[in-house]
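Chemist: Based on what follows, work out the 3D shape:
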Amino acid sequence: MNVIEKALATISAHDMAHIDAPVLLMVSGGSDSTALAYIAKELRDADKIGPLTMLHVNHRLRGADADADEDFVRHLAEVLGIPFVAKRIDVASIAQEEHGNIEAVARRERYKVANDALADVCRMREAPISQGRMFVAHTADDRIENFYMRSIVGTGPGGFRSMLYLNGQVARPLLDVSRQDLRDYVIERIERELPVVRDEHEMLWREDATNEHTDRFRAYVRHEIVPRALERNPRLVDTLTRTMNLIGDEDDMLDKMATDLFDQHVMWLEPAEQGCVLSPWLAAEALPLQRRVAIKVLERFLGADERIDTATVEAVLAAFHDGKPVGGYVANVQGNLAVSANKQGVRIEPMASFRIRRKK
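Modeler: All right, here's what the predicted structure looks like:
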């Protein structure tokens, strides 16, 4: 299959888009997202996906180069006849104020902008917001890099699926396509006499020089680890993609089981901000499922994007022992949450609520 056929197969297999549902293309100007724009345009012209809008977020991290990226993407949208939205965010200032990681802040702010832009597009087109999709240009290479990165820093079993094809409204239609295949596709457009855009250096996409800096974790994995793995197995992309999809299938099954247990064993207090109680009967379930339920509860408190510490999950599970809650157990965990237990179950709540309750 060529890249258009692969992308369409992925979109169909994972129910990523419908003919009337708006699609927001997140385009940085790099080779992957530039290819995404061209592919999406071909699919839209073939009535395979819904109306397109292109979004570029300028993080203002690379000075004139960042502005040139924005100009390139604006021109790309004009050539393809796709409505264009550009947003500028001073990521460095936000990260400095929050004492946060620049890459993490950039990702969070980028998706905030994307969510707002998608909502605006859906309203303009009188489409349900829930049906709108953000197409991002993650490739099989990105997924493999994530796999090795997580192997190094640690993750749960489900983390080795690396990326979801569809995560809420975020869709990854290129997840089964390699970066090289996308670059070849962009170059082949010239031979097919299809429109292409070049930057001021006559390049078909923009290059971010920081992607070559191996002091950055992803760049280190991309340039040092993956090439060596490819030497051992030239079909690494296909092999690891298949492996990650098998892991994903089992992860989906376990997640479904954990969701059922969550509904059975988690009782939220009124108001819900006051916390919840885990039923004593949760202790009788298999430990991996207990762990997943605990993570789901903690995500409700801390946010789905927050990395949940292993120590926090283990602190929740430690409130159960020998198939029942441990009376008198108390722990202060991530997010300043209190975990306490008695024969009625395990209670998780903000520490302030715990202290007020204990004073009564």
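Chemist: Low-confidence stretches in the chain?
Modeler: 209-215, 360 (pLDDT under 70).
Chemist: Walking through it, point out its helices one by one.
Modeler: Along the chain, counting by DSSP state H, helices occupy 3-13, 31-45, 63-80, 91-98, 102-124, 140-153, 179-191, 217-220, 226-232, 236-265, 287-302, 310-317, 351-359.
Chemist: Dump the ones you listed to a markdown table, plus mean neighbour count and distance to L337.
Modeler: Backbone N, C-alpha and C define where each C-beta goes, glycine included. Converted to a markdown table, the helices of the chain look like this (neighbours: other C-beta atoms under 10 Å; distance: least, C-beta to C-beta, whole Å):
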| stretch | mean neighbour count | distance to L337 |
| --- | --- | --- |
| helix 3-13 | 18 | 38 |
| helix 31-45 | 22 | 38 |
| helix 63-80 | 18 | 39 |
| helix 91-98 | 14 | 21 |
| helix 102-124 | 17 | 21 |
| helix 140-153 | 19 | 24 |
| helix 179-191 | 16 | 41 |
| helix 217-220 | 15 | 29 |
| helix 226-232 | 12 | 38 |
| helix 236-265 | 15 | 17 |
| helix 287-302 | 19 | 6 |
| helix 310-317 | 17 | 8 |
| helix 351-359 | 13 | 6 |
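Chemist: Tell me which of the ones you listed lies nearest to V57.
Modeler: helix 102-124 (4.8 Å; C-beta to C-beta).
Chemist: which residues does the residue nearest to R125 when sequence neighbours are not counted contact?
Modeler: In this structure, R125 finds its nearest non-sequential neighbour in P22, 5.3 Å apart by C-beta to C-beta, 6 or more residues apart in numbering. Neighbouring residues of P22 by C-beta atoms under 8 Å, 6 or more residues apart in numbering: 50-53, 118, 121-122, 125, 127, 131-133.
Chemist: Now with 6 Å, please.
Modeler: Counting by C-beta atoms under 6 Å, 6 or more residues apart in numbering, P22 makes contact with 50-51, 121-122, 125, 127, 132.
Chemist: Check those against D181 and report the nearest one.
Modeler: Nearest to D181 among these is G50, at 24.6 Å by C-beta to C-beta.
Chemist: Now do the end-to-end distance for stretch 8-19.
Modeler: One end of stretch 8-19 to the other measures 13 Å (C-alpha to C-alpha, to the nearest Å).
Chemist: quick one: contacts of it?
Modeler: For stretch 8-19, contacts defined as C-beta under 6 Å, 6+ apart pick out 23, 48-50, 133, 165-166, 171, 173, 176.
Chemist: and what of stretch 172-192?
Modeler: 3, 6-7, 10-11, 16, 31-32, 35, 135-141, 165, 196, 204, 237.
Chemist: distance of Q344 from A13?
Modeler: Distance of Q344 to A13, given as C-beta to C-beta, to the nearest Å: 45 Å.
Chemist: How about L76?
Modeler: Applying C-beta to C-beta to L76 and A13 gives a distance of 28 Å.
Chemist: again with A68
Modeler: According to C-beta to C-beta, A68 and A13 sit 37 Å apart.
Chemist: S151 now?
Modeler: Distance, S151 to A13, by C-beta to C-beta: 26 Å.
Chemist: residues contacting M267?
Modeler: Taking C-beta under 6 Å, 6+ apart, we find M267 in contact with V277.
Chemist: which residues does it bridge with?
Modeler: Taking DSSP bridges as the rule, M267 bridges to V277.
Chemist: contacting residues around the nearest residue to A114 once chain neighbours are set aside?
Modeler: Leaving aside its chain neighbours, A114 sits nearest to M134 (5.3 Å; criterion: C-beta to C-beta, 6+ apart). Contact analysis of M134 by C-beta under 6 Å, 6+ apart lists 24, 26, 114, 118, 169-170.
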